[in-house]
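>>> Got a predicted structure here, sequence first:
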2 protein chains.
Amino acid sequence: MTRDDARALDAQDPLARFRDAFQLPEGVIYLDGNSLGPPPTAALDRLRDVAAREWGRDLITSWNVNGWMAAPLRVGGKIAGLVGAKPHEVAVADSTSVNLFKLAAGALELRPGRRVILSETGNFPTDLYVLEGLARTAGAELRAVAPDAVLDSLTDEVAVLVLTHVHYRTARRWDMAAVTAAAHAVGALVLWDLSHSAGAVALDLNGCGADLAVGCGYKYLNGGPGAPAFLFVAERHLNGIRSPLSGWMGHAEPFAFEDGYRPSGDIRGQLCGTPSVLGLAALEAGVDLQAQADPAAIEAKGQSLCDLFIAEVERRCGRFGVELATPRARTQRGLHVSFAHPDGYPIVQALIARGVIGDFRAPDLMRFGFAPLYLSHEAVWRAAEILEEVLATGAWERPEFRARAAVT
Amino acid sequence: MTRDDARALDAQDPLARFRDAFQLPEGVIYLDGNSLGPPPTAALDRLRDVAAREWGRDLITSWNVNGWMAAPLRVGGKIAGLVGAKPHEVAVADSTSVNLFKLAAGALELRPGRRVILSETGNFPTDLYVLEGLARTAGAELRAVAPDAVLDSLTDEVAVLVLTHVHYRTARRWDMAAVTAAAHAVGALVLWDLSHSAGAVALDLNGCGADLAVGCGYKYLNGGPGAPAFLFVAERHLNGIRSPLSGWMGHAEPFAFEDGYRPSGDIRGQLCGTPSVLGLAALEAGVDLQAQADPAAIEAKGQSLCDLFIAEVERRCGRFGVELATPRARTQRGLHVSFAHPDGYPIVQALIARGVIGDFRAPDLMRFGFAPLYLSHEAVWRAAEILEEVLATGAWERPEFRARAAVT
C-alpha cells in the first residue's frame, strides 16, 4: 500500500468530519486512545462552563437547575445507545473497578447457593484483584482459569462469569452471544467488562442476552482522565439486584434522610455516593460526540485501520523480529493491535519521541490503538513507516529510551 | 449588635484576604458552603490547565509528567495537614460513601471475632446505608443506637464505631478524644466521618488517637461538585488493614500486571480504580488555599460568625417561632447553625430568592453554614436582617416557595 492508497481510503471515510471535533497536538499520531482518549473540544468547553457558570454562579442550585443530580442516569442513557442497551439499563458511577465489585456482588446474591466467581487468568488485573477482594469479603471463591478452559469450567457452582470482552493486551474478543448462552445453560450470570469495547466495536448487549456489564469512560468514549465509569444491568435483573455499596444516591428517596436503606428498584440503585459532576460533564461531551456516529461505521473504519497497520508493519518490519500478537480476523478482535518484540519498551519510547504515541505492556508487547473518530488511514500508514525507520536505524537503542517511567 | 459592630469584627479578621480568592456571584450571601463550597479562582484556572494542556497536549504522558498518578497521595498528604494526620496516612479516592465501606470493612478484618458495627440513629443517611450494605455483604451486624446510648453500647462485640464528627443537621460535635478512648477501652476501633469537620473545625486525629476517618472534598475544602473524598488510616493500622475494594491502584505494583493481588502496605492500598484526575485537580486547588490558613483561626472565625448569627436571629426572629437546634457551646458544635421552624422550607426558598443561600433539612430545619474563608461578619449580620424581613413581611408565604425541588 502506498501513501496515496491510504489517502484514497480516507477520501471515502464517512467519519472523517469527526477529526476536527478533537483537540490533538500538531505532529502527533495518537495511537493510545484505547488507554486515554484525547479531549473533544466540546468537552473542554463544557468543563469551563460547568466550572465557571454552574459551580461558580449557580452554586448549590445546580443540582436541580443544571441537571447535576440527573447526570448519572442521563449520561448512562446516552451510553446505552452505544452498547445495545435500553436507556434505563445504564448508569454512570464511580470507577470501573468499583462498578465491577458492585455487580459481581449483586450477581452472587442473585444466585444464592453458588459461591464461585469464574474468570480467566491474564484478565485485566484490576478485574481479578477486585473479584479477589469481593471473594474475601463475601465468602465466595474466585476461580481464574486459562482462557481456553473458561467454557469447560462453567458448572452449576458458578454464580457469575466475569470476562473482559476485548482483551487489554491482545485485543482478542470473546463471542459475547455464545459465551453468554453457555453460561446461562448452567444457570450462571455473565458480567462483561467493556472497557476496550465501548465506543470501539459495535455492541449489542441485549441482543446477546447479557446480564451485567461495566465499562470505562476515558478510553474510546473520550471522557477525560479518570472519567467516571458506567454499568449495565439487564432490565430483568434491575428489581432483584442489590448493590453492596448501598450509598444514598441509590436509595429510593435520597433526600428523605431515612435511617434505613430502601433500594431504588431501578438502575439508580447502583449509584452510591455523590456523583462526580466535573467528570460527568467531560464524559457527557465525549459520549454526545460518539453518539453522532454509527457504531457499525466506527467498527468498520477501526478494523480497516487495524488491517492497514498490520499489513504495513508486517511488510516493513517483519525482518526486525516484530510479531503480531493480535488475532487477524476482524470478528475476533477489538480496535487495538499488539506486536511482540523483545525490545518493545525502548522501541515504543523511540516512537513516542517521534510523535507516534502507543504504549507498552510487559513483557514484550507494543500496543497501538486505532480510535476511528480522529485517526486517518494516512496517519496510520505513516505510523508504520516511522516504526520501520526506528527499527531500521536502531534509533531505539539510546539509553534514555530504556528508562522506565512509573506508568508504562 | 449593629452593622458597624459587625464591620469592626471584620476589620480585625486575619482571614479577610481569602475572600478575594473565591468566585462568588455579586449580591449573594452564601451560607451553604457546608453542602457545596464555591470555586476558588485557582481551582477554575487549574481545571482549565489540566484539561487543555495536560489532557489535550500531553495526553497519556501526563500520568507521569504532570503527576496524575501521584495526585491521590499528594493531595492526601496536603489534607493530612488540615486534619492532624501525617502525610502518609491520608489519600484521596472515590466518594465518602465508598471510602466508608472500605475502612469499615477493613476494621472488621482488624477485629476478627467481632461482628458488630456500631453507629447512631440519625447519622448522615449514606453512612448508615453503606454500613447496612457492608453488614449484609460481609455477614456483620449494623447496630444503630440513639446518640445518648452510643457510649453504653460499646461492648466487646463491637469491631468498629462509626460516627460523624459534626452532625449534618444540628452541627452537634462529638468529643473525638473521649469517644475514641471509650471505644479503645473495649477493644473497638473508631471510624470518623469528617465531612462537616474538615476545613471547618481544628482537627487533631493523631492527638485523639483516631484509627480511621473519611471526609468530603466538596464542602469546606471547596473541591468542586462531587469532588473525590479522602480517607485516613492511622500509621499503626496501615500495614494490617485490607481494602475489600482491592483495585489495581492499591496493588504493590499496579503496572506489573500480575494476576494476584498484592496489597500496597501503605495508604496507597486504599486506592481502587483509576483516579479522577479532573476532580483531583480542582480539589487540590481548594486544599492548597485552605492550607494557607491556620486551622485554629478558621475555627475561631467560624464560631464567631455562628455566635453572631445565633444572637441576631434569636433577637430579631424569636417572636416568629424560630428555635435554635444547634448547641450553643462553641466546643460542642461545628460551623453550621440550624434553626427549626414549621415553615422552614418556604422560608429558606424566600431567603434564596433574596440572595441568602442556605438549605433545608426535613422536617423543619433551616440550615446555614459559616465557612470562614469567604464570609464576613457583616454579610452574616445582613443575612439575619434579611431573615427577619422575610418573616416579618410574610414574604415566604408565596406558593412558588412551597414547591419542592428534587434536591432540597
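Structure's in. What do you need?

>>> need the contact list for residue A:395.
With contact set as C-beta atoms under 8 Å, 6 or more residues apart in numbering or on different chains, residue A:395 has these partners: A:350, A:389. For glycine as for every other residue, the C-beta is placed from the backbone atoms N, C-alpha and C.

>>> Give me the phi and psi angles of it.
phi -60, psi -20 (degrees, to the nearest 10).

>>> which residues of the stretch 301-408 of chain A score low on pLDDT?
Within the stretch 301-408 of chain A, the stretches with pLDDT under 70 are A:405-408.

>>> give me that answer again for 90
Filtered on pLDDT under 90, the stretch 301-408 of chain A yields the residue ranges A:402-408.

>>> burial count for the closest residue to chain B within the stretch 1-150 of chain A?
Closest residue of the stretch 1-150 of chain A to chain B, C-beta to the nearest C-beta: residue A:95 (2.7 Å). Residues lying near residue A:95 (other C-beta atoms under 10 Å in any protein chain shown) number 31.

>>> Adjacent strands (with direction) for the one helix or strand residue A:231 maps to?
Assigned by DSSP states H and E, residue A:231 belongs to strand A:229-233. When pairing is defined by DSSP bridges, strand A:229-233 lines up against strand A:90-93 (antiparallel), strand A:212-215 (antiparallel).

>>> avg pLDDT for that strand?
Per-residue pLDDT over strand A:229-233 has a mean of 98.

>>> So is stretch A:129-142 next to chain B?
Yes: applying C-beta under 8 Å from any C-beta of the partner chain, one finds stretch A:129-142 in contact with chain B at A:129-130, A:132-134, A:136-139.

>>> Let me see the contact set for whichever residue of the stretch 251-400 of chain A sits closest to chain B.
Closest residue of the stretch 251-400 of chain A to chain B, C-beta to the nearest C-beta: residue A:273 (2.7 Å). Going by C-beta under 8 Å, 6+ apart, residue A:273 touches A:94, A:247-249, B:94-98, B:126, B:229.

>>> isn't the residue of the stretch 1-150 of chain A closest to chain B right up against residue B:95?
No: look at residue A:95 against residue B:95 with C-beta atoms under 8 Å: they stay out of range, at 10.3 Å.

>>> Mean neighbour count and distance to residue B:324 added to the strands paired with strand A:229-233, as CSV?
Shown next, in CSV, are those (neighbours: other C-beta atoms under 10 Å in any protein chain shown; distance: least, C-beta to C-beta, whole Å):
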stretch, mean neighbour count, distance to residue B:324
strand A:90-93, 30, 38
strand A:212-215, 29, 47
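
>>> Out of the ones you listed, flag the one nearest residue B:24.
Ranking the strands paired with strand A:229-233 by their distance to residue B:24 (criterion: C-beta to C-beta) puts strand A:90-93 first, at 29.3 Å.

>>> With just CA atoms, put the closest one into CSV.
Extracted in CSV, the C-alpha atoms of strand A:90-93 (Å, rounded to 0.1, in the frame of the first residue of the first chain):
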residue,chain,number,x,y,z
VAL,A,90,-27.2,2.0,32.2
ALA,A,91,-25.9,4.5,34.7
VAL,A,92,-22.6,6.3,35.1
ALA,A,93,-20.9,6.0,38.5
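
>>> relative orientation of the helix or strand just after it and helix B:96-110 in degrees?
Using DSSP H and E, the next helix or strand after strand A:90-93 towards the C-terminus is helix A:96-110. Put simply, helix A:96-110 runs at 60 degrees to helix B:96-110, going by axes from the mean of the first three to the mean of the last three C-alpha atoms, to 10 degrees.

>>> Would you mind writing the CA trace of helix A:96-110 as PDB?
Output in PDB follows, covering the C-alpha atoms of helix A:96-110 (Å, rounded to 0.1, in the frame of the first residue of the first chain):
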ATOM      1  CA  THR A  96     -14.800   0.500  36.500                       C
ATOM      2  CA  SER A  97     -13.200  -1.300  39.400                       C
ATOM      3  CA  VAL A  98     -15.800  -0.200  41.900                       C
ATOM      4  CA  ASN A  99     -18.700  -1.000  39.500                       C
ATOM      5  CA  LEU A 100     -17.200  -4.400  38.900                       C
ATOM      6  CA  PHE A 101     -17.300  -5.000  42.700                       C
ATOM      7  CA  LYS A 102     -20.900  -3.900  42.900                       C
ATOM      8  CA  LEU A 103     -22.200  -6.000  40.000                       C
ATOM      9  CA  ALA A 104     -20.300  -9.100  40.900                       C
ATOM     10  CA  ALA A 105     -21.500  -8.900  44.500                       C
ATOM     11  CA  GLY A 106     -25.100  -8.400  43.100                       C
ATOM     12  CA  ALA A 107     -24.700 -11.400  40.900                       C
ATOM     13  CA  LEU A 108     -23.600 -13.600  43.900                       C
ATOM     14  CA  GLU A 109     -26.800 -12.600  45.700                       C
ATOM     15  CA  LEU A 110     -28.900 -13.300  42.500                       C
END
